[in-house]
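> Return atomic coordinates for the entry below.
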Amino acid sequence: MRIITGSARGRKLTAPEGLTARPTTEMVKEAVFSAVHFEVPGARVLDLFAGSGQMGLEALSRGAASAVFVENARICLEAVRGNVEACGFQEKGRVLAMDAVSYIQSSDETFDIAFLDPPYRQGLVAAVLPHVAERMSDRGVIICETDRGEELPEAVGGFVLSRVKRYSKTKVHFYRRPENEE
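Numbers count the residues shown, from 1 in each chain. Predicted coordinates for the structure are as follows:
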């Protein structure tokens, strides 16, 4: 697992061993960033259920202004903190050790890009998606990674499902405001 491009290009990232984290594949990460590459520079990014933090770190490497990494698994937190430091993004990346639902319900921050990649088939996307939509800027995009069999709503909090891409056992859902659809 590595940073694909940008200021930290080629930097190797660590991920926790075992079943605690399920890192996004390189193919999925490349496809996601291909879809949003013009929106990343200067963006405020939320990496919810951060795992290793690779999605937020990739965004920072590509010029995002800041990233908030939210994770509650101790072993994942160690990986995120180590990866933020290894990439030199301590000034731009903030790692929060807390439950994603608690964070998003209590936050008053606004984001331009949100990555949601929770443990599959636990209903966590449905639990946080309405709250994430409330925290998004007008030009915001919400990107949810789920198991291929999971279904997400067509619309939530002023956002509509603008695209769904399938990659092997994974689906990636893109939510945008109707006026910002591709």
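
> need the contact list for Val164.
171-174 (CB atoms under 8 Å, 6 or more residues apart in numbering). (Each C-beta comes from the backbone N, C-alpha and C, glycine too.)

> Surely it is within a strand?
Yes - using DSSP: H, G, I helix; E, B strand; the rest coil, the assignment for Val164 is a strand.

> List the beta-bridge partners for it.
With DSSP bridges as the criterion, Val164 is bridged to His173.

> ok, longest helix in the protein?
Looking across the chain with DSSP state H, the single longest helix is helix 74-87.

> quick one: the helices in the chain?
26-36, 54-61, 74-87, 100-106, 124-134.

> and these, which is most packed in?
Greatest average neighbour count among the helices of the chain goes to helix 54-61 (a mean of 28), per mean count of other CB atoms under 10 Å.

> returning to that earlier point: ok now the longest helix of the chain, how far from the chain's centre?
Helix 74-87 has its C-alpha centroid displaced from the chain centroid by 15 Å (CA atoms, centre = their mean, to the nearest Å).

> helices or strands up against that helix?
Packing contacts for helix 74-87, counted by 3 or more CB pairs under 8 Å, 6 or more residues apart in numbering; DSSP states H and E, involve helix 54-61, strand 66-71, strand 93-97.

> Just the angle for that helix relative to helix 54-61, thanks.
Helix 74-87 and helix 54-61 are oriented at 20 degrees to each other (axes from the mean of the first three to the mean of the last three CA atoms, to 10 degrees).

> for the record, mean pLDDT for helix 74-87?
For helix 74-87, the mean pLDDT works out to 94.

> Mean pLDDT and distance to Ile104 for the helices and strands packed on helix 74-87 - can I get that in JSON lines?
Below are those laid out as JSON lines (pLDDT from 0 to 100; distance: least, CB to CB, whole Å):
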{"stretch": "helix 54-61", "mean pLDDT": "97", "distance to Ile104": "15"}
{"stretch": "strand 66-71", "mean pLDDT": "97", "distance to Ile104": "8"}
{"stretch": "strand 93-97", "mean pLDDT": "97", "distance to Ile104": "11"}
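
> Any chance of TSV for the ones you listed, columns distance to Gly157?
Formatted as TSV, those follow (distance: least, CB to CB, whole Å):
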stretch	distance to Gly157
helix 54-61	21
strand 66-71	19
strand 93-97	22
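
> Go through the ones you listed and name the closest to Ser107.
For the helices and strands packed on helix 74-87, proximity to Ser107 was assessed by CB to CB; strand 66-71 is nearest, at 8.3 Å.

> Show me which residues of the closest one are buried.
66-71 (16 or more other CB atoms under 10 Å).

> which stretches of the chain have low pLDDT?
Where the chain drops to pLDDT under 70, the residues are 18-22, 180-182.
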